[in-house]
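>>> Just the structure for this:
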Amino acid sequence: MFKWLSLVTGFFYIVLGIVVIVYKFFFTIVEPAVAYPLGALIILYGLFRIYRAILKIKNSNDEE
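A predicted model of the protein is given here:
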């Protein structure tokens, strides 16, 4: 269950990163010079979580 939840959380991080880039909002209005790197960092973290979740799902299927 945790593996699938981590996968879904990764997708939410990607959506959050896109929202930060498009609307320049992250709990408060942010400048574009801050919004773009912050959004990119959040998207990269979401991709990392998805990658890690996929690896764990594949490893658990190999063990069975």
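>>> drop to CA atoms for contacts and neighbour counts, all remaining ones
Fine.
>>> Point out where this structure drops to low pLDDT.
62-64 (pLDDT under 70).
>>> So which bits of the helix or strand hosting L44 are buried?
Per DSSP states H and E, L44 falls inside helix 32-63. Within helix 32-63, the residues scored as buried using 16 or more other Cα atoms under 10 Å are 35-36, 38-40, 42-47, 49-50, 52-54, 57.
>>> centre of the chain versus the helix or strand where I14 lies, how much separation?
Here I14 is covered by helix 2-23, with elements defined by DSSP H and E. Distance of helix 2-23 from its chain centroid, counting by Cα atoms, centre = their mean, to the nearest Å, is 4 Å.
>>> Show me what that helix is packed up against.
With contacts taken as 3 or more Cα pairs under 8 Å, 6 or more residues apart in numbering; DSSP states H and E, helix 2-23 sits against helix 32-63.
>>> by how many degrees do the helix it packs on and helix 2-23 diverge?
Counting by axes from the mean of the first three to the mean of the last three Cα atoms, to 10 degrees, helix 32-63 points 160 degrees away from the direction of helix 2-23.
>>> helices or strands next to helix 32-63 in the packing?
Using 3+ Cα pairs under 8 Å, 6+ apart, helix 32-63 sits against helix 2-23.
>>> Buried residues, the helix it packs on. List them.
For helix 2-23, using 16+ other Cα under 10 Å, the buried residues are 3, 6-7, 9-11, 13-18, 20-21.
>>> now the residue most central in space within the chain, nearest residue through space, not along the chain?
By Cα atoms, centre = their mean, the mean C-alpha position of the chain lies nearest to G46, the distance being 1.8 Å. Setting aside the residues directly before and after it, G46 is nearest to G10 in space (Cα to Cα, 6 or more residues apart in numbering), at 4.1 Å.
>>> correct me, but that neighbour touches R49?
Yes. Taking contacts as Cα atoms under 8 Å, G10 lies within contact range of R49: 5.1 Å.
>>> Now the common contact residues for these two.
Residues touching both G10 and R49 by Cα atoms under 8 Å, 6 or more residues apart in numbering: none at all.
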